[in-house]
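A.B. asks: my questions concern the predicted model and sequence given below.
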Amino acid sequence: MVLLSSTELTTISPTPSSHARFAGLIGIPEKIGFAFGLLSVSTFILTTLDTATRIARFTFSELLKINSRRSHFWITGIIVAVPLVFAFLKFYDLKGNPIPAWKAIWPVFGASNQLLAALTFLVIAVWLKRRQKNLIYVLGPLFLMLLMSCWALILLLKNYALSAVGIIAFILIVLALLLVREAVEILFSAKVG
C-alpha cells in the first residue's frame with residue numbers, strides 16, 4: 001500500500017491501538033483490530049526472542065563443543081540470564097542522566113548489526129577466493145561496512161569506556177579483528193581451497 005504524506009495512516013506507530021485505528025478506517029470494528037494488534041505484536045516479540053535464544057544456544061554449544069541434550073537447559077539458562085542482568089543494571093547517557101537498558105545498548109546493537117553485514121561480506125569474499133572467482137565486487141562493500149561498523153564501535157568504546165556498553169564494544173572489535181585476520185590469511189595465501 002502506498003500512502004500520501006498527508007494521509008492519517010502515515011502518523012500511526014505499530015502498536016495494538018494503532019492496529020485498532022487502522023481497522024476502524026477500513027471498516028473493521030476497533031475491538032477486533034485491537035485484538036489482532038495485540039496478537040501481532042506479541043507474536044513478533046515471542047518469535048524474535050525464541051529465534052534469538054535458539055541461535056545463541058547453538059552458537060554457545062558450538063563454541064564450547066557441547067553436544068549433549070541435557071546441556072540445552074543450562075545453556076538456555078545462561079543465554080536468558082545475560083539479558084536479565086542487563087535489565088537490572090543502571091545505565092546513564094553521556095550527560096549522566098539515567099536511561100533504560102535498551103536505550104543504552106541500542107547503539108551497540110546497531111553497530112553489531114552492521115558488523116554482521118561486514119562479516120557476511122568477509123565470508124562471501126573467502127568463498128569466492130576458494131572458488132577462484134573475482135572478488136573485486138565484494139571488496140568495496142566489505143571494506144566500507146567493516147570500516148564504518150568498527151569506527152562506530154570505537155566511538156562507543158571511547159564514549160562509554162569501561163561501562164557495559166564500552167566493554168561490549170571492545171569485545172566486538174576484538175572478535176571482528178580476529179575474524180578479519182583469519183580471512184586475510186586465506187585471501188592472500190597462494191594456496192586455494
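C.D. replies: Perfect, I can see it now.
A.B. asks: which stretches of this protein have low pLDDT?
C.D. replies: Scanning the chain for pLDDT under 70 picks out the ranges 1-14, 190-193.
A.B. asks: need the strands for it, in chain order.
C.D. replies: Using DSSP state E, the strands of the chain run over 91-92, 98-99.
A.B. asks: relative to the last one, what are the paired strands and their orientations?
C.D. replies: Here strand 98-99 is paired, per DSSP bridges, with strand 91-92 (antiparallel).
A.B. asks: most packed of the strands of the chain?
C.D. replies: Highest mean neighbour count among these (mean count of other C-beta atoms under 10 Å): strand 91-92, with a mean of 15. (Each C-beta comes from the backbone N, C-alpha and C, glycine too.)
A.B. asks: hang on, the earlier thing: could you export the strands of the chain as TSV, including distance to I78?
C.D. replies: Output for the strands of the chain, formatted as TSV (distance: least, C-beta to C-beta, whole Å):
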stretch	distance to I78
strand 91-92	22
strand 98-99	26
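A.B. asks: out of the ones you listed, which gets nearest to I168?
C.D. replies: The closest of those to I168 is strand 91-92. By C-beta to C-beta, the value is 11.8 Å.
A.B. asks: and that closest one, how far from the chain's centre?
C.D. replies: Mean-position distance between strand 91-92 and its chain equals 20 Å (C-alpha atoms, centre = their mean, to the nearest Å).
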